[in-house]
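**Student:** need a structure here:
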Amino acid sequence: MRPPSRRWRVTIRVRLTLLYACAFLLAGTVLIALMYVTLSQVLNHHSAPTGTAQHLSPELGHVFITESQRQRADTLNAMLVASLVLLGLVGLGAGGVGWLLAGRALRPLQHVTATARRVAERSLHERIALDAPDDEIRDLADTFDAMLERLDRAFDSQGRFVANASHELRTPLAINRTLIEVALEDPQASASMRQLGANLLAVNQRHERLIDGLLTLAGSAERISDPTLVDLAEVARHVIMESRDGARAGSIDVRTHLAPAPVTGDPVLLERLVQNLVDNALRYNAPDPGWVAVTTGVVDAAALLTVENTGPSIPAYEVPGLFEPFRRLPSTEPLTDSDSLAIGRGAGLGLSIVRAVARAHGGEVDASPRDEGGLTVRVRLPAAPLRSSNAQSRG
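**Tutor:** Just a heads-up that it's a prediction; the model follows:
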């Protein structure tokens, strides 16, 4: 995520304005100094000749010379003060003109920045297409357009790969599962054959979960293009109802506090996010008695989903590794009996998918170990306006 913007920052426009103003003040100061030296020499050259003072009495001659020097000094001081005051006033005007000129010069760059921000937040199909003179900023915009074109083609290729892989990889596994299930239903199958079929079926199911996780991870790498209104509380309630049997089989108590938490996004991906968190909390839990707590709500304009569980003690320095694909830490091996849980053993992609889905929805996820053992995972997503949620509920 981008760091929060500061109220005041020294932008390029400010630096250019200060540069213009300083250059003007420096040039004006040098000009005033040259004028001061030149005027001083001119006044010295045109001052009354000393011979005139010689025809006067010593007292009058001294007074004449002193008065002439005083007038010369007053003239130089008056010129210096007036020049400095005018330089300050004109300097302020030059700063304003520099601000306008800097803004005009940087306007194409602002257009590039605005377009880049829209592309980052929406889609890669937009281009800058800067209509400006052939200069450095035009080169930057053209280079950025070329990069966007390559990224657009790459993401389109990735989308086609995900679509094709969904069919090409899942179909053989589905056929294998069907063949194994048919073989297991044969009443003449021996006990060893049934045991082999059960093992093959478990391996096939694991491969299906692995491929499904990889496809979900790849498909959630982009931002959501057509978001809809989703309440995380409703999604969590649905996921928990489906996980009741597995929690009951593992003697795990599921606690909930589900306040409305409306967001805009993809319902399927958000359900997968909640499902992975609940599955992990059930799988990596403590033996009887163990519990899982799921909480939803809105805090500071953000929809918050929190999943806590009892379980193994995890050092804080190992927590970041939990979000890496295929990373299983020694301290996070399942404590509950995987055979008693419907979810079974994971593929090592659960929290990776959670992080990818959260980022695709403009949110973030973090985790922290509990002092008593287990983990607390918090997901923050931008909350949808409550009036939109109310309007949909009335509809």
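**Student:** What ranges does the stretch 251-395 of the chain have for its helices?
**Tutor:** Using DSSP state H, counting those that start in this stretch, the helices of the stretch 251-395 of the chain run over 267-283, 350-360, 386-394.
**Student:** ok, longest strand in this protein?
**Tutor:** When the chain is parsed with DSSP state E, its longest strand is strand 290-299.
**Student:** Show me what that one is packed against.
**Tutor:** Here strand 290-299 touches helix 232-242, strand 252-258, helix 267-283, strand 302-309, going by 3 or more Cβ pairs under 8 Å, 6 or more residues apart in numbering; DSSP states H and E. For every residue, glycine as well, the C-beta is placed using N, CA and C.
**Student:** Let's see that with 6 Å instead.
**Tutor:** helix 232-242, strand 252-258, strand 302-309 (3 or more Cβ pairs under 6 Å, 6 or more residues apart in numbering; DSSP states H and E).
**Student:** and Leu84, which of those is closest to it?
**Tutor:** strand 302-309 (55.3 Å; Cβ to Cβ).
**Student:** Sheet-wise, list the partners of that closest one with their directions.
**Tutor:** When sheet partners are counted by DSSP bridges, strand 302-309 sits next to strand 290-299 (antiparallel), strand 375-382 (antiparallel).
**Student:** remind me which residues of the stretch 101-250 of the chain are low pLDDT?
**Tutor:** 120-123, 159, 162-163, 166-167, 213-214, 216-225 (pLDDT under 70).
**Student:** among the helices and strands packed on strand 290-299, which is the most enclosed?
**Tutor:** Counting by mean count of other Cβ atoms under 10 Å, strand 302-309 has the highest mean neighbour count of the helices and strands packed on strand 290-299, with a mean of 22.
**Student:** Can you name the residues in contact with it?
**Tutor:** Identification of contacts with strand 302-309 by Cβ atoms under 6 Å, 6 or more residues apart in numbering yields 232, 261, 263, 277, 281, 285, 292-297, 374, 376-381, 383.
**Student:** now with 7 Å?
**Tutor:** The set of residues external to strand 302-309 that reach it, using Cβ atoms under 7 Å, 6 or more residues apart in numbering, is 232, 236, 261-263, 274, 277-278, 281, 285, 292-298, 370, 374-383.
**Student:** model confidence over it, on average?
**Tutor:** Averaging the model's pLDDT scores along strand 302-309 yields 95.
**Student:** Could you tell me the angle between that strand and strand 252-258?
**Tutor:** On the basis of axes from the mean of the first three to the mean of the last three Cα atoms, to 10 degrees, strand 302-309 is oriented at 170 degrees to strand 252-258.
**Student:** Could you tell me how far strand 302-309 lies from the centre of the chain?
**Tutor:** How far strand 302-309 lies from its chain's middle: 20 Å, per Cα atoms, centre = their mean, to the nearest Å.
**Student:** Stretch 373-389 too?
**Tutor:** That offset, for stretch 373-389, works out to 17 Å (Cα atoms, centre = their mean).
**Student:** Tell me which helix or strand comes right after the longest helix seen in the chain.
**Tutor:** Across the chain, the longest stretch assigned as helix under DSSP state H is helix 58-121. Using DSSP states H and E, the next helix or strand after helix 58-121 towards the C-terminus is helix 136-184.
**Student:** so Leu270 makes contact with Val235?
**Tutor:** Yes: proximity of Leu270 to Val235 meets the contact threshold set by Cβ atoms under 7 Å, at 5.6 Å.
**Student:** residues shared between the contacts of those two?
**Tutor:** Common contacts of Leu270 and Val235 (Cβ under 7 Å, 6+ apart): none found.
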